[in-house]
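Student: missing the sequence, but the structure's below:
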């Protein structure tokens, strides 16, 4: 088992437990505790897939678009640029929906996408099929809350990028919950504990899960690309390049001469030359990376093989949401326990970094995350940085936005 970086004891125990069932495992440097399998965990199985390994936010991932515009296009000096970017931040916040359903100004989400006619829908129980399809249509193009975002960046040349992070929303959550129940002998829709459920892919239940997981992947891709391109249009820009990847998904891949089902939970595929977009936090740089082309049979290639050609998906949390923001009475707003981060700490960080924030809560403050350069360094040169993206605008759901599918 390959473990990058330093981790707490519970995270290590989780990946060790996964290793008792998988034929290959690895843990990325941004890892932390998750449901059964840690975030940042990678596991290879023979003709099986782990429902909690893929997770509840099936096909969560990142997309980044490089535009034809530069920061200089937004004004001749810093004050003018800030004024223009503030207007853009307000337009993004009012045009893109955060939370459960589409409720902002945009009404052109691709709700008639061919994916809604895919044969995989037949794997959903008939009584629930139409309701789930309607929910999926209503949420396509919504970003959700938690650590999901829409960002505008400038790279090292001043070129502007748009980056987004979110997944398959309530559609993916319903699929995961349904098969978690079925895999424990319960009915679709019946509450089931978050336990390991390995589905055999040559069995009907495994076949159906795989088909719906892949459909959720297409759904997430459609949503992320629509949101990112919507922001590009708000900028009056054109798309020059797209980097797009899942980090909560399962793939059929060849490793060590055999085909494995590789589950990455909060981990990015990173084969040689394969690009990925990795975010830091609302107040830190993001990066475009690619898998390093290592000489055959070199120590670096051996490390990449041990990692199942995977890398980090972000900086990785070091505080839970409650630790960061504290706990309040939902009815009265009274503080039950104080958090470790306050408004002044978060505001000061963002002012220093010159980031324009819309939404966001203390549980997503930069203080809650590791520093991305440290995490990348811990990946032992298995990936190389192509572009460093400095955040200019960060738009997230508000701290009080209710969204049951935020993680």
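Tutor: That came through fine. Here the structure is a predicted model, which is why all the values come from computation and not from measurement.

Student: now do the longest helix along the chain: distance to the chain's middle.
Tutor: Criterion DSSP state H: the longest helix present in the chain is helix 204-234. On the basis of C-alpha atoms, centre = their mean, to the nearest Å, helix 204-234 sits 12 Å off its chain's mean C-alpha point.

Student: what do you get for stretch 132-146?
Tutor: Stretch 132-146 sits 15 Å away from the centroid of its parent chain (C-alpha atoms, centre = their mean).

Student: how about stretch 193-206?
Tutor: 23 Å.

Student: what residues sit buried inside it?
Tutor: 196-199, 201, 206 (16 or more other C-beta atoms under 10 Å). C-beta coordinates here come from the backbone N, C-alpha and C atoms, glycine included.

Student: just the pLDDT for the closest residue to residue 196 other than its chain neighbours.
Tutor: Ranked by C-beta to C-beta, 6 or more residues apart in numbering and with sequence neighbours excluded, the top spatial neighbour of residue 196 is residue 36, at 5.1 Å. At residue 36, the pLDDT value in this model is 95.

Student: cool, residue 330 as well?
Tutor: At residue 330, pLDDT is 66.

Student: pLDDT score for the most far-flung residue of the chain relative to its centre?
Tutor: Most distant from the centre of the chain: residue 76, at 34.9 Å, with distances by C-alpha atoms, centre = their mean. For residue 76, the pLDDT comes out at 86.

Student: with residue 107 instead?
Tutor: On pLDDT, residue 107 comes in at 76.

Student: just say helix, strand or coil for it.
Tutor: Assigned state for residue 107: coil (three-state reduction, DSSP: H, G, I helix; E, B strand; the rest coil).

Student: what about it, distance to residue 234?
Tutor: 14 Å (C-beta to C-beta, to the nearest Å).

Student: quick one on the thing from earlier: report the contact partners of the residue farthest from the centre of the chain.
Tutor: When the contact criterion is C-beta atoms under 8 Å, 6 or more residues apart in numbering, residue 76 has no partners at all.

Student: just to revisit the earlier point, quick one: list the elements packing against the helix or strand just after the longest helix of the chain.
Tutor: Remark: after helix 204-234, the chain's next helix or strand is strand 239-246, criterion DSSP states H and E. Judged by 3 or more C-beta pairs under 8 Å, 6 or more residues apart in numbering; DSSP states H and E, the packing partners of strand 239-246 are strand 61-70, helix 204-234, strand 267-269, strand 275-278.

Student: could you report the neighbour count for the residue nearest to residue 196?
Tutor: Residues within reach of residue 36, counting by other C-beta atoms under 10 Å, total 18.

Student: Three-state assignment for it, please.
Tutor: coil.

Student: please apply the same query to residue 288.
Tutor: Following three-state DSSP, residue 288 is assigned to strand.

Student: neighbours of it, just the number please.
Tutor: Neighbour count of residue 288, defined by other C-beta under 10 Å: 22.

Student: for it, which non-adjacent residue is closest in space?
Tutor: residue 387 (4.1 Å).

Student: just residue 66 next, same as before
Tutor: Per C-beta to C-beta, 6+ apart, closest to residue 66 is residue 241, 4.1 Å.

Student: against residue 71, how distant is the one you found?
Tutor: Taking C-beta to C-beta, one finds residue 241 at 17 Å from residue 71.

Student: residue 189 too?
Tutor: According to C-beta to C-beta, residue 189 and residue 71 sit 49 Å apart.

Student: can you check residue 121 too?
Tutor: Counting by C-beta to C-beta, the gap between residue 121 and residue 71 amounts to 44 Å.

Student: which stretches of the protein have low pLDDT?
Tutor: The model of the chain has pLDDT under 70 over residues 330-333, 400-407.

Student: so residue 189 and residue 71 - more neighbours on which side?
Tutor: residue 71 (20 against 14).

Student: residue 328: neighbour count?
Tutor: Neighbour count of residue 328, defined by other C-beta under 10 Å: 14.

Student: what's near enough to touch it?
Tutor: By C-beta under 8 Å, 6+ apart, residue 328 lies in contact with 334-336.

Student: out of the residues you listed, which comes closest to residue 353?
Tutor: residue 335 (28.0 Å; C-beta to C-beta).

Student: how much space separates residue 122 from residue 107?
Tutor: 30 Å.

Student: next, count neighbours for residue 83.
Tutor: For residue 83, using other C-beta under 10 Å, the count is 11.

Student: can you check residue 144 too?
Tutor: Residues near residue 144, counting by other C-beta under 10 Å, number 29.

Student: which element is it on?
Tutor: Using DSSP H and E, no helix or strand contains residue 144.

Student: ok, it touching residue 97?
Tutor: No - Residue 144 is beyond contact range of residue 97, at 9.2 Å (criterion: C-beta atoms under 8 Å).

Student: list the contacts of the helix or strand residue 41 falls within.
Tutor: Using DSSP H and E, residue 41 sits in strand 39-45. Residues outside strand 39-45 that contact it (C-beta under 8 Å, 6+ apart) are 11, 14-15, 18-19, 21-34, 37, 50, 53, 198, 253, 255, 260-267, 307-308, 310, 312-313, 316-317.

Student: who does that strand pair up with?
Tutor: strand 24-32 (antiparallel), strand 258-265 (antiparallel) (DSSP bridges).

Student: distance from the chain centre to the longest one, please.
Tutor: Relative to the centre of its chain, strand 24-32 is centred 15 Å away, using C-alpha atoms, centre = their mean.

Student: buried stuff in it?
Tutor: Buried residues in strand 24-32 (16+ other C-beta under 10 Å): 24-32.

Student: repeat for the last one
Tutor: Residues 260-265 are the ones in strand 258-265 that count as buried (16+ other C-beta under 10 Å).
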